[in-house]
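Q: Below is the sequence, then the predicted model.
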Amino acid sequence: MSVCGQGEAMRILLVEDDRMIGSALRTGLEDAAYAVEWVTDGAGVQGALTRSDIHALLLDLGLPDRDGFDVLSCIREAGHAVPVIVITARDDVEARVRGLDLGADDYVVKPFALKELLARLRAVVRRRAGRANAVLSNGDVSLDPASHEASRGNVACRLGTREFAVLHALLLTPGAILSRRQLEHHVYGPGDEVHSNAIEFLIHGLRQKLGADAIQNVRGAGWMVGRG
């Protein structure tokens, strides 16, 4: 079971007026297999939420047309339950408290590591779905985020941290092909050294534990798990 439907990419609404930051975030999110809609002001938020199936919203507070707190308040007053992560340079306690009180699910202060933002994004979506520790499954392979235990048929095994990250990324979107670069974004932080065959090594380990056909290779494109 994926977060947003089998094979469907999770859709993120990014609200950020800084072109450099927005471009970098969109690239990082898309590399991590998210579909991104990017707007640069508060006026575009309501329309995006109305016309698109948005699974999470990243909201900057320093917008050119209106304060981000006002945007957040309007989102909640309109009855939108979409998970919202505030991303801002405002790091004072009063701003954090106000953001959370207005309905933000999380509050991240710039500058931040993309890997941390992705982890927070996954966490708020799971919480909103009512399954913070729910088992992910495509009907064939199952993964318990709480214990890092994977199972298939009568086989159950505990995964290493990076093996878990690879399988977790694949099970979020069964049927979707993730490239080497996309998987690396799930596994490694910006400052981590990544060896050229690291993903192949991790997938080899997962196949040894779960069966050679548990993870499929799509030549020249990447890897996927079936839809069960």
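A: Good, I have the coordinates. Numbers count the residues shown, from 1 in each chain.
Q: mind listing the strands for the protein?
A: 11-15, 35-39, 56-59, 84-88, 106-109, 136-137, 141-144, 149-152, 155-158, 216-218, 222-224 (DSSP state E).
Q: Turn those into CSV, columns for mean pLDDT.
A: Below are those laid out as CSV (pLDDT from 0 to 100):
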stretch, mean pLDDT
strand 11-15, 92
strand 35-39, 91
strand 56-59, 95
strand 84-88, 94
strand 106-109, 92
strand 136-137, 86
strand 141-144, 90
strand 149-152, 92
strand 155-158, 90
strand 216-218, 94
strand 222-224, 94
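Q: From L118, how far off is A169?
A: Distance check for A169 against L118: by Cβ to Cβ, to the nearest Å, it reads 10 Å. The C-beta positions use only the backbone N, C-alpha and C, and glycine is treated the same way.
Q: what do you get for V71?
A: Taken as Cβ to Cβ, the span from V71 to L118 is 23 Å.
Q: for G68, same thing?
A: Noted for G68: a distance of 21 Å to L118, by Cβ to Cβ.
Q: and the longest helix belonging to the chain, which residues are buried?
A: Secondary structure of the chain per DSSP state H: the longest helix is helix 114-128. Along helix 114-128, these residues count as buried under the neighbour rule (16 or more other Cβ atoms under 10 Å): L114, K115, L117, L118, R120, L121, R122, A123, V124, V125, R126, R128.
Q: Okay, angle between that helix and strand 84-88 too, please.
A: Using axes from the mean of the first three to the mean of the last three Cα atoms, to 10 degrees, the inter-axis angle of helix 114-128 relative to strand 84-88 is 150 degrees.
Q: Check which helices and strands helix 114-128 sits against.
A: Judged by 3 or more Cβ pairs under 8 Å, 6 or more residues apart in numbering; DSSP states H and E, the packing partners of helix 114-128 are helix 19-31, strand 56-59, strand 84-88, strand 106-109, helix 180-187.
Q: what residues does the third one touch?
A: Read that as strand 84-88. If you take Cβ atoms under 8 Å, 6 or more residues apart in numbering as the criterion, strand 84-88 is touched by 16, 56-62, 68, 72, 75, 95, 99, 103-110, 112, 117, 120-121, 124.
Q: Other residues contacting the longest helix of the chain?
A: Residues from elsewhere that reach helix 114-128 (Cβ under 8 Å, 6+ apart): 3, 10, 12, 25, 28-29, 32, 55-56, 58, 81-83, 85, 87, 105-106, 108, 132, 134, 145, 172, 185-186, 188-190.
Q: ok, back up a step: nearest to T50, out of the buried residues of helix 114-128: which one, please.
A: Checking the buried residues of helix 114-128 against T50 by Cβ to Cβ gives R128 as the nearest, at 18.8 Å.
Q: tell me the pLDDT at the closest one?
A: You'll see R128 listed with a pLDDT of 68.
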